[in-house]
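Q: Have a look at this prediction, sequence included:
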Amino acid sequence: MTRLIVVSNRVAMPRDRAARAGGLAVGVLSALKRSGGMWFGWSGETSESPAPQPKVVKSGGITYATIDFTADEFDAYYNGYCNSTLWPLLHYRLGLVEHSRQNQDAYMRINARFADHLATLVRPGDVIWIHDYQLMALPGELRLRGLRNRIGFFLHIPLPGPEIFCALPAHKQLMGSLAEADLVGFQTESDLRAFRDYALYEAGGSQRPDGAIEMFGRRLRAGVFPIGIDVEEMKALAVEAENDEEVRRLADSISSRQLIIGVDRLDYSKGILNRIDAVGELLTTRPDYRNRITFVQIAAPSRIDVARYKKLRREIEGCAGRVNGKHAEIDWVPIRYLNRVFPRRQLAGFYRVARVGLVTPLRDGMNLVAKEYVAAQNPSDPGVLVLSRFAGAARDMKGAIIVNPFDQVEMAEALDQALRMPLPERQERWRKLMGALQRNDLATWSDSFLDTLNTSERAAA
Ligand code: GDG
């Protein structure tokens, strides 16, 4: 059996996994476990003199190989290029993009360093699966070092069309690097279309009748592989969590009110401000909901050294404070805002207690919270998912109430519809949603990506 090497910016080591929030860690573990492979990436540590060799640890049948960065490198590559340039750009937020040549150089250097280390670990026949926007320059760097292994690249976040992507000064370098992969995977058709449009209209490439894309003198496959979740795990966690102390505290404190829940990394792509405003709109236009609903927003701290994220945190505090100040009563507040990380099991329990899951990103590659919320419901009394049309998840979650997160009035109406929805309709929608989750779960995602990679034709154009 061929060995799988997963490469991602951050390696979630077994010991700190429970405490970390993030979609990727949840996504790749099962694939690695099944193939007894290696996970390579950054350790999560900075040091003034990083070791010249990766640190290698084996645990539970998986080999973890990690490297450190210096604090300055981390700042320029991760806080700078990854999260102040690429993240806003790929989420269609040109106005938030900050760009500097120094940060771009740091990104290219770190990607080259990943390639240097990987080249010493890779054996012929290994299959390499690279994850996400932090490592877009890596396929090209690996080929420069003579590696001929199969390389797959999966982008977890959206890809905008060339009209936006080409604002990035290094667009050609990054797309040229992706073209060196054998398979490039995306969350949705829209992301794939953006990639194809780049190949056809920007790079002067072409698409072959079998769907393969040719650009920059290379031929590669590109496809849609929407990520799913481990449905059974989430179901089991949610049932178990019914006895959890914190979950009980939440349920008791809600008493006969209806709970609306939002769970996100604290990130401007998630639409948390719009969501809080929508709750305010609901209470303004339908005051009979006063004292009858509670909105719990969990916002896990994320990228706390990036200026825009600090600003967002203050904005959310201001916004939640305003809505509470306006609508609270002496014995009730509409919004409970929690700026911290909860254990996964408790989250599962919170989802189950909530009548409405409010997932309203302004743009999101997929959004696993939407899927987790559905999987955690009690089949005999399920809650309702209100979901942004701009989450990749909206494509195959037709049982949700789909909203435009830029339209407060529509969101308030959707909340009203969800809160009033009769049990038979809730059950019917939930069954539809669960069916879709089960048909396309986490194992389906990694299996179909890896099967396609393993059978892709390997030839330069
Ligand atoms: C990227 C893409 C894509 C959140 N708060 C806590 C916590 N979480 C967990 C959730 C969920 C994960 O973090 C977040 O995943 P999302 O998919 O919602 O979003 P991103 O982190 O932005 O992930 C996204 C994903 O990659 C996978 O491809 O879906 O579009 O942006 O699992 O449950 N986990 C814990 N405590 C928290 O407080 N334990």
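A: Looks like it came in fine.
Q: In the stretch 1-150 of the chain, where is pLDDT below threshold?
A: 1, 16-27 (pLDDT under 70).
Q: Enumerate the strands of it by residue range, in sequence order.
A: Along the stretch 1-150 of the chain, counting by DSSP state E, counting those that start in this stretch, strands occupy 4-10, 38-46, 55-59, 62-69, 127-131, 150-154.
Q: Mean neighbour count and distance to Cys319 added to the ones you listed, as TSV?
A: The way it works is simple: take the backbone N, C-alpha and C, and place the C-beta from them, glycine included. Output for the strands of the stretch 1-150 of the chain, formatted as TSV (neighbours: other CB atoms under 10 Å; distance: least, CB to CB, whole Å):
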stretch	mean neighbour count	distance to Cys319
strand 4-10	23	30
strand 38-46	20	31
strand 55-59	12	42
strand 62-69	20	35
strand 127-131	24	33
strand 150-154	25	34
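Q: Out of those, the one nearest Ser100 is which?
A: Among the strands of the stretch 1-150 of the chain, the nearest to Ser100 by CB to CB is strand 62-69 (17.8 Å).
Q: Now do the residue at the greatest distance from the centre of the chain against the ligand, distance only.
A: Distance from the centre of the chain peaks at Ile330, with 38.5 Å (CA atoms, centre = their mean). Computed as CB to the nearest ligand atom, to the nearest Å, the Ile330 to the ligand distance reads 30 Å.
Q: Do you know the pLDDT at that residue?
A: Note for Ile330: predicted pLDDT of 96.
Q: May I have the residues that are in contact with it?
A: Residues counted as contacts of Ile330 (CB atoms under 8 Å, 6 or more residues apart in numbering): none.
Q: Next: Gln134.
A: Counting by CB under 8 Å, 6+ apart, Gln134 has contacts 8-9, 77-78, 82, 86.
Q: would a markdown table of those residues with distance to the ligand be doable?
A: Shown next, in a markdown table, are the contacts of Gln134 (distance: CB to the nearest ligand atom, whole Å):
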| residue | distance to the ligand |
| --- | --- |
| Ser8 | 11 |
| Asn9 | 12 |
| Tyr77 | 18 |
| Tyr78 | 15 |
| Cys82 | 13 |
| Leu86 | 12 |
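Q: does Glu214 count as helix, strand or coil?
A: strand (DSSP: H, G, I helix; E, B strand; the rest coil).
Q: Verify the stated contact: it with Arg196.
A: No: the criterion here is CB atoms under 8 Å, and Glu214 misses it with Arg196 at 11.1 Å.
Q: hang on, the earlier thing: Throw the contacts of Gln134 into TSV and include distance to Gly365, thanks.
A: As requested, the contacts of Gln134 are exported to TSV (distance: CB to CB, whole Å):
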residue	distance to Gly365
Ser8	14
Asn9	15
Tyr77	21
Tyr78	18
Cys82	15
Leu86	13
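Q: Closest one of the residues you listed to Leu368?
A: Of those, the one sitting nearest to Leu368 (CB to CB) turns out to be Ser8, at 15.5 Å.
Q: is the closest one in a bridge, and if so with what?
A: Gly41 (DSSP bridges).
Q: mind listing what it touches?
A: 24, 28, 39, 41, 130-132, 134-135.
Q: nearest to the ligand, of those?
A: Leu24 (5.6 Å; CB to the nearest ligand atom).
Q: okay, the strands of the stretch 1-150 of the chain in a markdown table with distance to Lys270 next?
A: What follows is the strands of the stretch 1-150 of the chain, written out as a markdown table (distance: least, CB to CB, whole Å):
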| stretch | distance to Lys270 |
| --- | --- |
| strand 4-10 | 19 |
| strand 38-46 | 23 |
| strand 55-59 | 32 |
| strand 62-69 | 27 |
| strand 127-131 | 20 |
| strand 150-154 | 21 |
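Q: got the residue ranges for the helices in the stretch 351-461 of the chain?
A: Applying DSSP state H, counting those that start in this stretch to the stretch 351-461 of the chain gives helices spanning 368-375, 408-420, 423-439, 442-454.
Q: hey, which of these is tucked in deepest?
A: With neighbours taken as mean count of other CB atoms under 10 Å, the helices of the stretch 351-461 of the chain reach their highest mean count in helix 368-375, at a mean of 28.
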